[in-house]
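Peer 1: Sequence first, then the predicted structure, then my questions.
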Amino acid sequence: MSTFALADLAAALRSIGRGVVFQSAHWTEAADIALTHLGDTEGEITFTANETFVGLTTPELTGAAMHNAYVEGANPTVSIPLFVADPAVRAVLSPTGSASGGYERRRPVTMRTLAIFPEELFYNGTGYGDLTYTTADGWEVDGTALTATQTALLGQSIWLWKGYFSTPPFVLRHADGGKAVEQVTFQCVYDAEKPDGHRLWTIGNPITAGILLDVV
């Protein structure tokens, strides 16, 4: 017998909402993760996996129809509409770690770790608090365990373990009171230290993937 049951629509999570971006120097599990708020955003934060596929076809028999397919890999990027008026953020958004540029020879990029959360995850019932994780207590906001809604929102977080920023535009404008919102791009890089299946990005709670956020 096959049974087809409708979902409980009253309990369905239909929105994620505004995102907040945190960053650090490239993090490894040798130390506790320490992320800082990258800055304020205005607009859509977009993650694009940029996957490539290869498919098995038998064109002389079934034409272009695929009989099997494989994911070859991905080359993810994140686009962030970020306020860049703060001079200090320019060095963070640089692929070399310096706001200025121009070197005699090529140099390695400065690797960073990014985490993007739904902002509503930080809401404690009266305001917005601090999100923490410890092995002893798990995930909490202001010392209180996550609610069911917060747990669902944590499940919509995305962790980009290794990558680098490309230098955003530098625009001075009269319009909108001189608002300095620019599209910032983060390029993900393969991180062999993470578990297989999580070496580019992780959606949701990293602990369930065996990634330890604090040293015990």
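Peer 2: Good, I have the coordinates. Numbering: from 1, shown residues only.

Peer 1: C-alpha from now on. contacts and neighbour counts both.
Peer 2: Noted.

Peer 1: As a check, name the ranges of all strands in this structure.
Peer 2: Here the chain has its strands, by DSSP state E, at 19-25, 36-37, 46-48, 51-57, 66-74, 77-83, 112-118, 131-134, 138-141, 144-145, 158-166, 181-188, 201-203.

Peer 1: So for residue 11, which of these sits nearest?
Peer 2: Evaluated over those, closeness to residue 11 peaks at strand 112-118, with 18.3 Å, by Cα to Cα.

Peer 1: What strands line up against the closest one, and which way round?
Peer 2: Strand 112-118 has its sheet partners listed here by DSSP bridges as strand 19-25 (antiparallel), strand 158-166 (antiparallel).

Peer 1: Could you tell me the angle between the first one and strand 77-83?
Peer 2: Okay, so that is strand 19-25. For strand 19-25 against strand 77-83, the angle by axes from the mean of the first three to the mean of the last three Cα atoms, to 10 degrees is 100 degrees.

Peer 1: and for strand 19-25, what are the contacting residues?
Peer 2: Strand 19-25 is contacted from outside by 34-41, 45, 111-119, using Cα atoms under 8 Å, 6 or more residues apart in numbering.

Peer 1: tell me, how many neighbours does residue 188 end up with?
Peer 2: Residues lying near residue 188 (other Cα atoms under 10 Å) number 25.

Peer 1: Apart from its chain neighbours, what residue comes closest to it?
Peer 2: Leaving out its chain neighbours, the residue that sits closest to residue 188 by Cα to Cα, 6 or more residues apart in numbering is residue 163, at 4.2 Å.

Peer 1: ok, back up a step: looking at the strands of the chain, spot the one closest to residue 104.
Peer 2: Among the strands of the chain, strand 158-166 comes nearest to residue 104, with 18.9 Å by Cα to Cα.

Peer 1: buried sites along the closest one?
Peer 2: Buried residues in strand 158-166, counted by 16 or more other Cα atoms under 10 Å: 158-165.

Peer 1: Can you pull out the low-pLDDT segments for this protein?
Peer 2: Residues of the chain that meet the criterion pLDDT under 70 lie in 216.

Peer 1: Would you format the strands paired with strand 112-118 as CSV with distance to residue 62 included?
Peer 2: Output for the strands paired with strand 112-118, formatted as CSV (distance: least, Cα to Cα, whole Å):
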stretch, distance to residue 62
strand 19-25, 45
strand 158-166, 40
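
Peer 1: Thanks a lot, catch you later.
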